[in-house]
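Visitor: Sequence plus the predicted model coming up.
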Amino acid sequence: MNVLGIESSCDETSSAVISNGILKSNLIASQDFHKKYGGVVPELSSRAHLQIISPLVKDALEQSGVSLENIDVVASTAGPGLIGALLVGLSYAKGLAFSAGKKFIPVNHIEGHIFSGFLMEEKPEFPFLCLVVSGGHTLLLIVKSETEIVKLGTTIDDAAGEAFDKVAKLLGLAYPGGPLIQKYAEQGNPESIKFPVAQVKNPFDFSFSGLKTAVLRFKQKEYGDNGKVPEEDLPDITASFQRAVVKALTGKLIQALQNYEVNSISVVGGVAANLALKNAVNDIGKKFDKKVVIPDIQYCGDNAAMIALRGMQIAQNGIEYSFDYGAYPSLKKGDLRFWKEML
Ligand code: KG4
Ligand code: ZN
């Protein structure tokens, strides 16, 4: 089976080809210009996707050595994401599939992340505990099979990546904040400032807004209401903040491992690129004797390889979709046909 994948949910345009289970190409065009606005500007994102999508898909096909005639499935992210951005990739995919007489599969972006560990040589083994940590979502799940995802918990306020981005902004760092916070934190002492780890009612839910406020209060106290954080203080602040996020995430992972029988652990999404988180999860894996699968960095952030892979799984399960399927901006029940709530 040959699958062409397309991703355009936020600020990355990406196209990939998977041929008989093997990734042949995965091109990612990142919209770096959003940096100067301190976050993604939706309208500019849609326009940039429009400009690049056609040549990018052509290049991904060319690089893969698979021609459009030999593609069986065109898979595209349908949501969640920025609606204008989603529409570019989804409409392009539908048009291409319809005109070339191919099967069209809309893919849930979060499902793309969830199964991104299968792009690695060492794959997760079902059932696996999955922590999704991206810019828009934080979810703790048990993935029982390719078609059965059980939700244990989610964030009640900010997503983990959002917390990194917001804290970076208030420290005067550029967007996206995660990689910069990680860079400064490497030089800092994570024990220097005690930031709180929120207690949430549901044992598997997360909360990060209190932590963000704690960093803001610390900044106001130390440097005044409009004060700037001096460069030399950034390592300790970022390291202490990062430690609190990692503690919050891994605390719930441990709790889930104590309550549910799984064969492996997978951490996915943009924040899974974070080295401190990776190290902490690998330690947990050793302690609980579970295989840990964290995708390589190019599969942590948004990419079409994971969309092609999820499209392939859906097609192999004999699931069909019509060309009527539309884009959707947020996670909602009707679009989660493989998901089950547990709590
Ligand atoms: O999955 P992703 O690329 O896009 C969404 O679907 O949201 O995740 C982007 C998020 C951003 O919030 C970014 O700051 C965060 O991932 N991120 C990181 C790191 N690299 C990216 N957070 C912490 N440490 C990193 N090294
Ligand atoms: Zn994502």
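Guide: Now that the structure is in, tell me what you want to look at. Ligands and ions are numbered 1, 2, ... in the order given.
Visitor: If you count neighbours, what's buried in stretch 147-167?
Guide: 149-155, 157-167 (16 or more other CB atoms under 10 Å). To be clear about C-beta, it is placed using only N, CA and C from the backbone, and glycine gets the same treatment.
Visitor: What average pLDDT does the lengthiest helix in the chain get?
Guide: If each helix of the chain is counted by residues according to DSSP state H, the longest one is helix 234-259. Confidence over helix 234-259 (mean pLDDT, whole number) is 98.
Visitor: which residue is nearest the middle of this structure?
Guide: The chain has G269 as the residue nearest its centroid, 2.6 Å off, counting by CA atoms, centre = their mean.
Visitor: Do I have it right that it meets H137?
Guide: Yes - using CB atoms under 8 Å, G269 makes contact with H137 at a distance of 7.1 Å.
Visitor: Could you pull out the helices in the stretch 201-343 of the chain for me?
Guide: 209-223, 234-259, 275-288, 297-300, 304-316 (DSSP state H, counting those that start in this stretch).
Visitor: Include mean neighbour count when you put the ones you listed into CSV, please.
Guide: Listed next are the helices of the stretch 201-343 of the chain as CSV, based on neighbours: other CB atoms under 10 Å:
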stretch, mean neighbour count
helix 209-223, 16
helix 234-259, 20
helix 275-288, 16
helix 297-300, 18
helix 304-316, 27
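Visitor: would TSV of those helices with distance to ligand 1 be doable?
Guide: Shown next, in TSV, are the helices of the stretch 201-343 of the chain (distance: least, CB to the nearest ligand atom, whole Å):
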stretch	distance to ligand 1
helix 209-223	13
helix 234-259	8
helix 275-288	7
helix 297-300	7
helix 304-316	10
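Visitor: And those: which comes nearest Q31?
Guide: helix 304-316 (14.9 Å; CB to CB).
Visitor: mind listing what the helix or strand of the chain with the lowest mean pLDDT pairs with, with the direction of each?
Guide: Ranked by mean pLDDT, DSSP states H and E, the weakest helix or strand in the chain is strand 339-341, scoring a mean of 84. Paired with strand 339-341 in the same sheet, following DSSP bridges, are strand 148-154 (parallel).
Visitor: Which residues outside the partner strand are in contact with it?
Guide: 111, 114, 137-144, 202-206, 252, 256, 260, 336, 338-343 (CB atoms under 8 Å, 6 or more residues apart in numbering).
Visitor: Which of these are buried? Put it as a ChimeraX command.
Guide: Those of the contacts of strand 148-154 that count as buried under 16+ other CB under 10 Å are selected in ChimeraX with:
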select :111,114,137,138,139,140,141,142,143,204,205,206,252,256,338,339
